[in-house]
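Asks: Quick one: sequence plus predicted model below, questions after.
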Amino acid sequence: MTLDRRTFLAAGAGAGVVALGGGAWTLLRQSGRAGEPSVDDVLHDPDQPVLGNPQGDLTIAEFFDYQCPFCKRGHPDLMDEVEADGNIRLVMKDWPIFGSASVLAAQMVLGAADPERYAAAQAALMATPARLTEEDVRTTLAAAGHDPDRMLEIYRQDRQRWDGLMGRNAQQAAALGLQGTPAFIIGRTIHAGALDRDRLRAAIAAARSGA
Amino acid sequence: MALAQPAPPLDPSDAFVLSVTPDAAGGLQIAWDVQPGYYLYRSKIEAFDVDGAAIPLILPEGEVYDDPWMGRDEIYRAPIATTIPDPRGAVTLHWQGCQQDGICYAPQQVVLETDGTVRAEQVAEAEAFGSWRADGNAPQPGAPDSATSEGQDGLKLAKEEGLVADLAGRGGVVFVLLGFFGFGLLLSLTPCVLPMVPIVAGMLTRRGSGMTAGRGLALTGAYVVAMASAFGLLGVVAAWSGANLQATLQSPWAIGVIAAIFVMLALSMFGLFELQMPTRWQARLAQRPNSAGSLGGAAVLGFGSALIVGPCVTAPLAGALIYIAQTGDVALGATALFALGLGQGVPLLAVGAFGPHILPRRGAWMERVKLAFGAVFLGMAIWLAGRILPGPAVLALWAALLTGCGVALGALDRLAPDTPRGPRMVSAAGLLLVFAGLVQGLGAALGADDPMRPLAPLANRVAQVSPDQPSFRTVTTQAGLDAALQGSQPALIYVTADWCVTCRAIERGPMSDPQVKEALNDLVRIKVDVTDFTTEAQALMTSLAAAGPPTMIFVDAARSEPQSSRLVGDVETPDLLASIAKVVE
């Protein structure tokens, strides 16, 4: 009798997936496996600016890009929910996958330095249509009352820190098997792709009850 | 605002299925099959030559999309194609797309050779962010899933274990363990596990009366956990040594020992002796109140059973062992294979819990069951020994067993005229067995070597006269292999060894099939002989990513191994023909 290994592996994986159920994968605290980030690494990077309630009981992390249409479309809902809940710690993890304009946007917003200005600059860029040129990034920020050149300068002064942060984000995205943006980590569960308000609420409730 | 709720996103390589075909004019036809609900950005489809200069592409008009969130963009929601005319060297191809209302994928990239084959390449972020790359082991966000990996000798080997590695990358340890448990569960549906059912049942019946479901479950549980532990141990050794374990399990002496164990079990069933532990051990164990001795015995039996089942499940086990040897992660290897063993044991637990409950408590019935199990054990022994004994000897053994069973069923007993229908049927069945035994005996005398076709020498006298096998060029070193791979004919690299029993079966069986022989004529046939398991041989196997013999690697004219063409372990004619077809154009 011949067992076809490929069929076998595929079917076995299928059985495993069915056993697990659902599309949300529980994160594990990885012990000692090189290159795999821990939950803490992902949710509590010391260099990562924090939005919402920094002392909140639940952390939401979103891997996003300033040119990703579904990140931007869902952003108002996310911010409303965080505001209304009042007990959520939100970290917006820059993972620029749409090229140089996205990288520039991320650099400038991180270069806003002050937490309030960081939030305002990010909000301004998230409210634009998805496709941006480098010029669009500058004009959007300038129109919102920021100084793009100053932001870039601050970013450059602390370049190692910010590049390190974005580098870790990309590594974590790879290690977690994220395929693109948006990807949410709510509590310990990864949600790939956009979440509408109802699913976001359900995910928050699930994370709280499971935690 | 409520968004439409999309399904979980596909893997990017499935959402946008890339195909590349060389055309007659020397160009490359490139097409993406865009799945419904997904789209590609026109502006993100780019090609670059070896110097990094953009290659102009003629792309069809896309759908102009303009909404407040997207901005103005041109996209493709349907399959699209383009051509790279006359590539002068390797071409780097970029593309990017999204799942509508779901996810936007990280950029995808492949490097194409001039003949259209895909080369594996690290993802290069365009923006001078060297530190952005993930470390080597992690899946690359933009790396194509179905890529090939570069072997040491420039051969491109298909990545066969992508799926398991993918599991590890995506969901961590839990995913891997669940996956392996699932594999085990599926394995338990294969005939490979059948030999364990009589062992378990035998173990339970031997205990005779007083067997409760709880006790049965405990015994079977001990058996299953021990079996899983044996698999786990295998994982540890595989991870530590990276050595050729499944080959060892197939070695003639291992098979001989296992066959002998089956004969012993059978004789014990026939009541020749009671299988017991040394009296000293028994005495020590008897001091414990809950008769732990039988639990211990069950565990020993379970541990041994893994060794019996191991060789039978070579193919999936080889996959698991390759994966574990690659990770070098001892703990993960052990737990993964332990999970596999547990999965395999689940149905046995059912036998343990319900089997004895269903069986009558006492009586002659019990004795007959024992005899039947004994016969099954002997059959197993012959089946195992068939891998190392010459064909006619195996047929002779079958002849003896079948005739013996037939006589035991009363085939030669004289029936009284008033014998009821039941015993008559039994007698008829016995007669059939005697007849089958006679045919096997005749086959043995004729020199047949396939118990399923004992009279083949009579029917196929002509075919049997020339049992020649295709000729192979034998190499034992990397240099020898490189030399043998010169030229542009597709090739079969067959990793084999004198001590590999399955290899003999393959050579006698599918490899001697006239159809296969003819198909193999188009291939350079290379035997990598690893009989002497030297460092050189091991290095050669590592460079081929072969777990051990038998492994068949098919490479095309460009020395690239097509996906899913590799054959590991026992194979059959259709598998061989399918793999050959993949490299012969």
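Replies: That came through, no problem.

Asks: Model confidence for the closest residue to residue B:478 other than its chain neighbours, exactly?
Replies: Once flanking residues are discounted, residue B:478 sits nearest to residue B:540: 5.6 Å by C-beta to C-beta, 6 or more residues apart in numbering or on different chains. For glycine as for every other residue, the C-beta is placed from the backbone atoms N, C-alpha and C. Looking at residue B:540, its pLDDT reads 83.

Asks: Also residue B:122?
Replies: Residue B:122 is assigned 39 on the pLDDT scale.

Asks: follow-up on the earlier one: distance of the residue nearest to residue B:478 relative to chain A?
Replies: As judged by C-beta to the nearest C-beta, to the nearest Å, residue B:540 and chain A stand 21 Å apart.

Asks: For that residue, grab the count of nearby residues.
Replies: 25 (other C-beta atoms under 10 Å in any protein chain shown).

Asks: give me the low-pLDDT residue ranges for chain A?
Replies: A:1-36, A:211 (pLDDT under 70).

Asks: for it, what spans make up the strands?
Replies: Under the criterion DSSP state E, strands of chain A are mapped to A:25-26, A:51-52, A:58-64, A:88-94, A:180-181, A:183-186, A:189-192.

Asks: so of these, which one's packed in deepest?
Replies: Compared across the strands of chain A, strand A:180-181 shows the largest average neighbour count, a mean of 32 (mean count of other C-beta atoms under 10 Å in any protein chain shown).

Asks: by contact count, what packs against that one?
Replies: Contact partners of strand A:180-181 among helices and strands, from 3 or more C-beta pairs under 8 Å, 6 or more residues apart in numbering or on different chains; DSSP states H and E: strand B:104-105.

Asks: Quickly check: the helix or strand following the strand it packs on near chain A or not.
Replies: Later in the chain than strand B:104-105, the nearest helix or strand by DSSP states H and E is strand B:108-112. No: with C-beta under 8 Å from any C-beta of the partner chain as the measure, strand B:108-112 is seen stopping short of chain A, the closest distance being 9.9 Å.

Asks: Lowest average confidence across helices and strands of chain B, where is it?
Replies: Taking mean pLDDT, DSSP states H and E as the measure, chain B has strand B:148-150 as its least confident helix or strand, at a mean of 33.

Asks: rewinding a little: can you put the strands of chain A in CSV and add distance to residue B:56?
Replies: Putting the strands of chain A into CSV (distance: least, C-beta to C-beta, whole Å) gives the following:
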stretch, distance to residue B:56
strand A:25-26, 42
strand A:51-52, 44
strand A:58-64, 33
strand A:88-94, 33
strand A:180-181, 27
strand A:183-186, 34
strand A:189-192, 35
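
Asks: For residue B:105, find the nearest of those strands.
Replies: Comparison of these against residue B:105 by C-beta to C-beta identifies strand A:180-181 as nearest, at 3.9 Å.

Asks: who does that closest one pair up with?
Replies: Strand A:180-181 sits in its sheet next to strand B:104-105 (antiparallel), going by DSSP bridges.

Asks: could you give the mean pLDDT of the partner strand?
Replies: Rounded mean pLDDT across strand B:104-105 is 87.

Asks: and what of stretch B:510-518?
Replies: 86.

Asks: can you tell me the distance between the two ends of it?
Replies: 12 Å (C-alpha to C-alpha, to the nearest Å).

Asks: who does the residue nearest to residue B:58 when sequence neighbours are not counted bridge with?
Replies: Counting by C-beta to C-beta, 6+ apart, residue B:82 is the residue found nearest to residue B:58 once chain neighbours are left out, at 6.2 Å. Judged by DSSP bridges, the bridge partners of residue B:82 are residue B:30.

Asks: residues touching residue B:82, list them.
Replies: Counting by C-beta atoms under 8 Å, 6 or more residues apart in numbering or on different chains, residue B:82 touches B:30-31, B:45, B:57-60.

Asks: do residue B:16 as well
Replies: By C-beta under 8 Å, 6+ apart, the neighbours of residue B:16 are B:32-35, B:38, B:40, B:95, B:97, B:108.

Asks: now residue A:151
Replies: So residue A:151 contacts A:107-109, A:111-112, A:121, A:141 (C-beta under 8 Å, 6+ apart).

Asks: measure it to residue A:99 for me?
Replies: 19 Å (C-beta to C-beta, to the nearest Å).

Asks: and residue B:301, that one's in a helix?
Replies: Yes: Residue B:301 forms part of a helix when assessed by DSSP: H, G, I helix; E, B strand; the rest coil.

Asks: related to what we said a few turns ago, out of the contacts of residue B:82, which are buried?
Replies: Buried residues within the contacts of residue B:82, counting neighbours by 16 or more other C-beta atoms under 10 Å in any protein chain shown: B:30, B:45.

Asks: Could you export the contacts of residue B:82 to CSV, including columns for secondary structure?
Replies: Formatted as CSV, the contacts of residue B:82 follow (three-state DSSP):
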residue, secondary structure
B:30, strand
B:31, strand
B:45, coil
B:57, coil
B:58, coil
B:59, coil
B:60, coil
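
Asks: Can you tell me which of the contacts of residue B:82 comes closest to residue A:159?
Replies: residue B:45 (32.1 Å).

Asks: Which residues are in contact with the residue lying closest to that closest one once chain neighbours are set aside?
Replies: Nearest non-adjacent residue to residue B:45, counting by C-beta to C-beta, 6+ apart: residue B:95, 5.0 Å away. By C-beta under 8 Å, 6+ apart, residue B:95 lies in contact with B:16, B:18, B:32, B:40-41, B:44-46, B:107-109.

Asks: List the buried residues of stretch B:575-585.
Replies: In stretch B:575-585, counting by 16+ other C-beta under 10 Å, buried: B:575-577, B:579-580, B:582-583.

Asks: and those, which of them are in helices?
Replies: Judged by DSSP state H, helices contain the following of those: B:575-577, B:579-580, B:582-583.

Asks: out of these, who's near chain A?
Replies: Answer for these near chain A (C-beta under 8 Å from any C-beta): residue B:575.

Asks: Out of the contacts of residue A:151, name the ones that lie in helices.
Replies: Taking DSSP H, the ones among those that sit in helices are A:107-109, A:121, A:141.

Asks: so which of the residues you listed comes closest to chain B?
Replies: Chain B lies nearest to residue A:107 out of these, by C-beta to the nearest C-beta, at 10.1 Å.

Asks: How about the contacts made by that closest one?
Replies: Residue A:107 makes contact with A:151-152, A:155, A:162, according to C-beta under 8 Å, 6+ apart.

Asks: Now for the residue nearest to residue B:478: which residues touch it?
Replies: By C-beta under 8 Å, 6+ apart, the contact list for residue B:540 reads B:476-478, B:481, B:528, B:530.

Asks: Just give the nearest non-adjacent residue to residue B:15, would you?
Replies: residue B:38 (4.6 Å).

Asks: before we move on, what about residue B:91?
Replies: residue B:112 (4.7 Å).

Asks: So what pairs up with the one you found in the strands?
Replies: Going by DSSP bridges, residue B:112 forms beta bridges with residue B:91, residue B:118.
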